[in-house]
Every structure is written in C-alpha cells, then in structure tokens.
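> fold the following and give me the result.
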Amino acid sequence: MLRTLTVKLEDRDLAEIDAEARARRTTRSAVVRARLKRPAARGGPATSLWDRMKDLVIQDEDAPADLASNKAHLRGYGRSRRR
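Predicted coordinates:
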C-alpha cells in the first residue's frame, strides 16, 4: 500500500526531479521513491569526497613536469601586484 507524503522543496530541487522524471518518462513520485532507496539517502555508505571531485583533479600526465621548482614558473612570485 502506498501512502501520501507532502513535502516542501526548493525550486531547484523540484526542477531537478521534474527533469529526471521527463528524461525517464515517469512520475515525480517514482523519481523520489527511487532516490529514497539509494544507499546514501538511507544513511548507508555515501560516495567519498574523492569520488565526488575526481573529475576536477588534474591527472599526473596532464600536469607540468616541474611546476614547483622551475624558476621560470616562479618568476615574480611574492611581489606586490600594486605598483
């Protein structure tokens, strides 16, 4: 048996649920029920900070080889920007 629950949501949260419902061609209720069943929503193992931000981290092969000790990269470091 399904029961009804009324909640108040921020506009952006409701828009996100609506967009997911349209994409999945289902109802808002189905989207909310699916989200409530996710482990993080039930207090289970949430994703780690690394998992949430790894797309923002520069991989070693993409980074300059000697950024910290190459004097060319440090030219002007520590000087006042106001002149």
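
> from now on I want contacts and neighbour counts done on CA atoms only, so please keep to that.
Will do.

> what distance separates the start and the end of stretch 17-36?
Stretch 17-36 has an end-to-end distance of 12 Å (Cα to Cα, to the nearest Å).

> and that stretch, which residues are buried?
I17, D18, E20, A21, R28, V31 (16 or more other Cα atoms under 10 Å).

> what's the pLDDT at the closest residue to the fifth one other than its chain neighbours?
By that I understand R28. Excluding its sequence neighbours, the residue lying closest to R28 (Cα to Cα, 6 or more residues apart in numbering) is A21, at 5.7 Å. Listed pLDDT for A21 reads 94.

> give the contact list for A21.
T27, R28, A30, V31 (Cα atoms under 8 Å, 6 or more residues apart in numbering).

> which SS state does it fall under?
Of the three states, A21 takes helix under DSSP: H, G, I helix; E, B strand; the rest coil.

> mind checking how far it is from R52?
According to Cα to Cα, A21 and R52 sit 23 Å apart.

> what does R33 give?
23 Å.

> give me the element the residue nearest the centre of the chain is part of.
Residue closest to the average C-alpha location in the chain (Cα atoms, centre = their mean): R52, at 5.5 Å. Element membership for R52, per DSSP states H and E: helix 49-53.
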